[in-house]
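K.L.:
Build me a model from this:
(chains A, B, C and D)
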2 protein chains.
Amino acid sequence: MSTKILVIDDEPQIRRALKIGFERNGYEVQLAATGEEGLDKMAVEMPELLILDLAMPGIDGFEVCRQVRSWSSIPIIVLSVREREEDKIQALDCGADDFISKPFGVGELLARVRAVLRRSKQPEKTLGTPIFSEGDLEVDLDKRLVHKAGDVVHLTPKEYDLLSLLINNPNRVLTHRQLLTRVWGPEYAEDHHSLRVHIANLRNKIETDPARPHFIQTETRVGYRFTSKNF
Amino acid sequence: MSTKILVIDDEPQIRRALKIGFERNGYEVQLAATGEEGLDKMAVEMPELLILDLAMPGIDGFEVCRQVRSWSSIPIIVLSVREREEDKIQALDCGADDFISKPFGVGELLARVRAVLRRSKQPEKTLGTPIFSEGDLEVDLDKRLVHKAGDVVHLTPKEYDLLSLLINNPNRVLTHRQLLTRVWGPEYAEDHHSLRVHIANLRNKIETDPARPHFIQTETRVGYRFTSKNF
DNA sequence: AGCTGTTTGACCCAATTTTGACCCTGGCAA
DNA sequence: TTGCCAGGGTCAAAATTGGGTCAAACAGCT
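P.N.:
Residues are numbered from 1 along each chain as shown, chains lettered A, B, ... in the order given. All right, here's what the predicted structure looks like:
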């Protein structure tokens, strides 16, 4: 059975091109020209993948994304003309799974579609050993236990959530928004201040020299990165 | 399988000549006599390369270029009678990959076609590993990590956006305008000064000899080019 | 109330970005 | 040839934005 894709884009050219391109590759394609129409078709057609343009008159891509995400976990790929990281981040914050900037090659889009579908079909695979250890820091994510230089360190719930999110994405920048939406919830995406305080507290607990952090590093204007040689 | 090329030109002789010339070299050729017809055929035929005359009645080459670029990254080679640099820059701004002025030799055109196709085939393979590496420079765009001669190099957000745009368009001139609109936003399209400073900073971070840049090269009056043998 | 955890505000310091002054180069007209 | 000019590079100051710190306020709990 072929996979059903819904394309929401206000530009007729793109709709046509994508329809033809996907159909040639064995997908079934539904089209919508506006956000409203798209939300309707989402409910009626129940596609397995959504391709969504950000810039649209009326309900824009961000809003469509949010509304869809309020009731569906269908994979979403977002299209945008801009390369700016802010747009990328905002789209991912709204729940998009992938982001591709126009202009794009049909081949690239197809590859991303395959990747996203593959991911969505596989149930979340769990980590082999939920224990992190480097230097004198040891974190057992399962047991919620943290040791620093042999001593037990107590973490508050928020600190623990933050740390576990960071450790599960080692050496990768997690944006302020990503951290906030995943630890606090999407409605707190703007409260950077609180995040800073919690990061500071966390550093004071797990860093040997909190002023020159080894694990939790700041990427100014972007987010934080948990660096570790063990990955 | 042979490569499909779409030629959009209002002059019948040129269409004929190009069709014959390309077919002799094993390409499949589609023809369109107007911008409208060309846009239609783009969507229907999904060619792998577009050759486009600038001067056409109705929708002109610039406009066709812009419209195609709103959804496709297919390589575009622009033909023009004029040698004016203004046109060249404008064509590149509209998203053209290369520019050739009439009259031109068939051999030269074929060479440029080959060059442009070689470039466009590459991005597909790098999808799984979004890591660029050449010499002692290593860039992981996903993780936002850059290594130069083994050391971690820290990039600011703007530097990272710039580098990422450049690496995603290797061996191709990106005009000042393109860089500015995509990294800063359309409203900053004229502020070349800031761009120069950021490029200089980037060079200082990733070039072995910033005064004789290997990766980021200046195209005077036009823009910058990221050169790499790996594409 | 007392305890813990979280948010908020005030303040200062640091990173990033923009801007301005100046230099160098290649092209070109006098 | 000289001298000028435009475009680009360089450097550092200025402006802007963001992050760290500390403590007080607040919210939930028992």
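K.L.:
C-alpha only now, for contacts and for neighbours.
P.N.:
Will do.
K.L.:
Okay, now the unreliable bits of chain A?
P.N.:
Applying pLDDT under 70 to chain A picks out residues A:122-129.
K.L.:
Quick check: residues of it near chain B?
P.N.:
Residues of chain A that fall close to chain B, judged by Cα under 8 Å from any Cα of the partner chain: A:13-14, A:16-17, A:20-21, A:81-85, A:102-108, A:111, A:171-173, A:220-222.
K.L.:
Filter those residues down to just the ones in strands.
P.N.:
Counted as lying in strands by DSSP state E, out of these, are A:Val173.
K.L.:
The residues of chain A next to chain B, buried ones only, as a ChimeraX selection?
P.N.:
A single ChimeraX command is used to select the members of those judged buried by 16 or more other Cα atoms under 10 Å in any protein chain shown:
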select /A:13,14,16,17,20,21,81,82,83,84,102,103,104,105,106,108,111,171,172,173,222
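K.L.:
so which of the residues of chain A next to chain B are also by DNA strand C?
P.N.:
A:220-221 (Cα under 7 Å from any atom of the strand).
K.L.:
Tell me which entries of the residues of chain A next to chain B lie within helices.
P.N.:
The helices, defined by DSSP state H, take in A:13-14, A:16-17, A:20-21, A:85, A:106-108, A:111 from the residues of chain A next to chain B.
K.L.:
check contacts around A:His192.
P.N.:
Applying Cα atoms under 8 Å, 6 or more residues apart in numbering or on different chains to A:His192 gives the contacts A:176, A:180.
K.L.:
Now it, what are its backbone angles?
P.N.:
When quoted as degrees, to the nearest 10, the phi and psi of A:His192 stand at phi -70, psi -30.
K.L.:
Make CSV from the ones in helices among the residues of chain A next to chain B and add distance to A:Asp93 to it.
P.N.:
Formatted as CSV, these follow (distance: Cα to Cα, whole Å):
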residue, distance to A:Asp93
A:Gln13, 28
A:Ile14, 25
A:Arg16, 28
A:Ala17, 28
A:Ile20, 30
A:Gly21, 28
A:Glu85, 12
A:Val106, 25
A:Gly107, 26
A:Glu108, 22
A:Ala111, 22
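K.L.:
If you drop the residues flanking it in sequence, what lies closest to the residue nearest the centre of chain A?
P.N.:
Nearest to the geometric centre of chain A sits A:Leu92, at 4.7 Å (Cα atoms, centre = their mean). Spatial nearest neighbour of A:Leu92, chain neighbours left out: A:Asp98 (7.1 Å); criterion: Cα to Cα, 6 or more residues apart in numbering or on different chains.
K.L.:
ok, how many other residues are close to that neighbour?
P.N.:
Using other Cα atoms under 10 Å in any protein chain shown, A:Asp98 has 18 neighbouring residues.
K.L.:
which residues does it contact?
P.N.:
With contacts defined as Cα under 8 Å, 6+ apart, the neighbours of A:Asp98 are A:76-78, A:92, A:112, A:116.
K.L.:
got these as TSV, with secondary structure and distance to DNA strand C columns?
P.N.:
Converted to TSV, the contacts of A:Asp98 look like this (DSSP: H, G, I helix; E, B strand; the rest coil; distance: Cα to the nearest atom of the strand, whole Å):
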residue	secondary structure	distance to DNA strand C
A:Ile76	strand	28
A:Ile77	strand	26
A:Val78	strand	24
A:Leu92	helix	20
A:Arg112	helix	28
A:Val116	helix	30
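K.L.:
Closest to B:Lys121 out of the residues you listed?
P.N.:
The closest of those to B:Lys121 turns out to be A:Arg112 (Cα to Cα; 16.0 Å).
K.L.:
so what's the closest one up against?
P.N.:
By Cα under 8 Å, 6+ apart, the residues touching A:Arg112 are A:Asp98.
K.L.:
give me phi/psi at the residue nearest to A:Leu92?
P.N.:
Torsion angles, degrees, to the nearest 10, at A:Asp98: phi -150, psi 160.
K.L.:
Beta-bridge partners for it, please?
P.N.:
Beta bridges link A:Asp98 to A:Ile77, judged by DSSP bridges.
K.L.:
in the sheet, who's paired with A:Gly223?
P.N.:
A:Thr175, A:Glu219.
K.L.:
show me the contacts for it.
P.N.:
Contact analysis of A:Gly223 by Cα under 8 Å, 6+ apart lists A:173-176.
K.L.:
Kindly tell me how buried the nearest residue to A:Lys229 once chain neighbours are set aside is, as a neighbour count.
P.N.:
For A:Lys229, ignoring the flanking residues on the chain, the nearest one in space by Cα to Cα, 6+ apart is A:Glu134 at 8.0 Å. By the criterion of other Cα under 10 Å, A:Glu134 has 11 neighbours.
K.L.:
now A:Leu79
P.N.:
Here the number of neighbours of A:Leu79 (other Cα under 10 Å) works out to 25.
K.L.:
separation between the residue nearest to A:Leu92 and A:Ser70?
P.N.:
Distance from A:Asp98 to A:Ser70, counting by Cα to Cα, to the nearest Å: 18 Å.
K.L.:
again, but for A:Asp161
P.N.:
With distances taken as Cα to Cα, A:Asp161 is found 23 Å from A:Ser70.
K.L.:
Kindly report the same for A:Asp9.
P.N.:
Taking Cα to Cα, one finds A:Asp9 at 20 Å from A:Ser70.
K.L.:
now A:Thr34
P.N.:
Following Cα to Cα, the distance that separates A:Thr34 from A:Ser70 is 19 Å.
K.L.:
and the two most separated of the ones in helices among the residues of chain A next to chain B?
P.N.:
Farthest-apart pair in these is A:Ile20 and A:Glu85; separation 30.0 Å (Cα to Cα).
K.L.:
hey, where'd the strands end up in chain A?
P.N.:
Using DSSP E, strands in chain A cover A:4-8, A:28-32, A:49-53, A:76-80, A:98-101, A:131-134, A:137-140, A:145-148, A:151-153, A:173-175, A:216-219, A:223-226.
K.L.:
In its sheet, which strands sit next to the second one, and in what direction?
P.N.:
So the one you mean is strand A:28-32. strand A:4-8 (parallel).
K.L.:
Can you tell me what sits against the strand it pairs with?
P.N.:
Here strand A:4-8 makes contact (Cα under 8 Å, 6+ apart) with A:15, A:18, A:27-35, A:38, A:41-42, A:47-53.
K.L.:
Kindly recompute the last result at 6 Å.
P.N.:
For strand A:4-8, contacts defined as Cα atoms under 6 Å, 6 or more residues apart in numbering or on different chains pick out A:28-33, A:38, A:47-52.
K.L.:
now that strand against strand A:49-53, angle please.
P.N.:
On the basis of axes from the mean of the first three to the mean of the last three Cα atoms, to 10 degrees, strand A:4-8 is oriented at 10 degrees to strand A:49-53.
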